[in-house]
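Trainee: Could you work out the structure for the sequence below:
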Amino acid sequence: MQVRIARKFPVAIDICAFELARPDGAALPAFSAGAHIDVQLGGGIVRQYSLCNRPGETHRYLIAVLRDANSRGGSLAMHALEEGGVLDIGEPKNHFPLSATAGHSLLLAGGIGVTPILCMAEALAQAGASFEMHYCTRNAARTAFRDRLADARFADRVHLYFDDARDDARLDLDALLAKPAPDTHLYVCGPSGFIGAVIEAAKAAGWDDARVHREFFAAAPQEGSHGAFQIKLSSNGRVIDVAHDESAASALVAAGIDLPTSCEQGVCGTCLTRVLAGEPEHRDCYLTDEERAANDQFLPCCSRSRSPVLVLDL
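Mentor: Now for the predicted structure:
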């Protein structure tokens, strides 16, 4: 669908927010906390941005984008846009939803990872649910939506931490995650290093992985084999070669297979495919450790195969 950039405004150093609305003023599709939209940026570039306005607002979508010096083109293209411009976007998708059974929600954000976390805080506050939010950034000037958080009705549940603060004012993950209550759910979003640190601390404290929810914005570089392998389609027995220098998703699409893709980094889960035989080499940051160990699904946009052939449910 097509939207217009109704407003573009800075929310921190190198971070701009974009308020999107239909050109004709019509309502946008509803969304839930944790949802994102695909934004088409021309030249085949598609990027995912989390919605950070209050769920229930259908007159606008609000996203925020960090200008990344190592951008693959998405963030730089977004920052070059001006108010009044028109964008093509997809309807909201949610791979990072809130649990309906949580008695308490622990929200952790690092840097630009605050966008879905902020939306979650708004939803939980609206529902009168128990939660707390912990937000880590390099310094106060790089803390997105700081004024909004200070004025929020849930401001007393928000805790800010800055890398340039004294050591005793920084987030103590071990203390925060110690002795998890059985009905508490943990949500974390941010740079891969931040998420990794949170997940490791949660594991060390004995958290059930089913109560630890994460969303990566980009995949970390992966080591491993880049050897060629084959994919066999269970529907007709057709065998497709995957060269050492192409992704399984690219090989499938080139062979005429209808495979939905989006992030192409193993982050969003759009291309998740069931594996019927063979051993995947997982390179995504979408599946949990338990899901990877089961070896019955993989993301062909980034993952490869340890076995010569993978049989897929396609």
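
Trainee: quick one: the helices in the protein?
Mentor: All helices of the chain, identified by DSSP state H, fall at 74-79, 114-127, 146-151, 173-177, 192-204, 248-254, 289-294.

Trainee: Ile231: which of the ones you listed is closest?
Mentor: helix 248-254 (6.2 Å; Cβ to Cβ). Every residue, glycine included, has its C-beta placed from N, CA and C.

Trainee: Pull out the buried positions in that closest one.
Mentor: Of all the residues in helix 248-254, those buried under the rule 16 or more other Cβ atoms under 10 Å are Ala248, Ala249, Ser250, Ala251, Leu252, Val253.

Trainee: doesn't Lys232 make contact with the fifth one?
Mentor: So that's Leu252. No. If you go by Cβ atoms under 8 Å, Leu252 and Lys232 don't touch, sitting 11.6 Å apart.

Trainee: any shared contact partners between those two?
Mentor: Residues touching both Leu252 and Lys232 (Cβ atoms under 8 Å, 6 or more residues apart in numbering) are Ile240.

Trainee: tell me the strands in the stretch 51-200 of the chain, going along the chain?
Mentor: Assigned by DSSP state E, counting those that start in this stretch, the stretch 51-200 of the chain shows strands spanning 61-66, 86-89, 104-110, 131-137, 158-162, 184-190.

Trainee: quick one on the thing from earlier: pick the one among the buried residues of helix 248-254 closest to Asp241.
Mentor: Distances from Asp241 to those, taken by Cβ to Cβ, are shortest for Ala251, at 6.8 Å.

Trainee: Quick check: that closest one vs Ala152, distance?
Mentor: With distances taken as Cβ to Cβ, to the nearest Å, Ala251 is found 48 Å from Ala152.

Trainee: What is the burial count for Leu76?
Mentor: Neighbours of Leu76 under the rule other Cβ atoms under 10 Å: 14.

Trainee: any idea how far it is from Cys16?
Mentor: Leu76 is 12 Å from Cys16, where distance means Cβ to Cβ.

Trainee: For these two, list the residues in contact with both.
Mentor: In contact with both Leu76 and Cys16: Arg67, using Cβ under 8 Å, 6+ apart.

Trainee: As PDB, could you dump the C-alpha coordinates of stretch 6-13?
Mentor: Taking C-alpha atoms only, stretch 6-13 is exported to PDB below (Å, rounded to 0.1, in the frame of the first residue of the first chain):
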ATOM      1  CA  ALA A   6       3.300  13.300   7.000                       C
ATOM      2  CA  ARG A   7       6.200  14.200   9.400                       C
ATOM      3  CA  LYS A   8       9.900  13.600   9.600                       C
ATOM      4  CA  PHE A   9      11.600  14.700  12.800                       C
ATOM      5  CA  PRO A  10      14.800  13.900  14.800                       C
ATOM      6  CA  VAL A  11      14.400  11.900  18.000                       C
ATOM      7  CA  ALA A  12      18.100  11.600  18.900                       C
ATOM      8  CA  ILE A  13      21.500  12.100  17.200                       C
END
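
Trainee: who touches that stretch?
Mentor: By Cβ under 8 Å, 6+ apart, the residues outside stretch 6-13 that reach it are 16-21, 60, 64, 81-83, 137, 141-146, 148.

Trainee: where does the stretch 201-314 of the chain dip in pLDDT?
Mentor: Confidence mapping of the stretch 201-314 of the chain against pLDDT under 70 gives the ranges 218-225.

Trainee: Run a quick neighbour tally on Ile117.
Mentor: There are 26 residues near Ile117, going by other Cβ under 10 Å.

Trainee: Give the full set of residues in contact with Ala141.
Mentor: Ala12, Ile13.

Trainee: let's see 6 Å
Mentor: Ala141 sits next to Ile13 when contact means Cβ atoms under 6 Å, 6 or more residues apart in numbering.

Trainee: For Ala293, see how far away it is.
Mentor: Counting by Cβ to Cβ, the gap from Ala141 to Ala293 is 42 Å.

Trainee: Give me the distance from stretch 44-58 to the chain's centre.
Mentor: Centroid displacement of stretch 44-58 relative to its chain, using Cα atoms, centre = their mean, to the nearest Å, is 11 Å.
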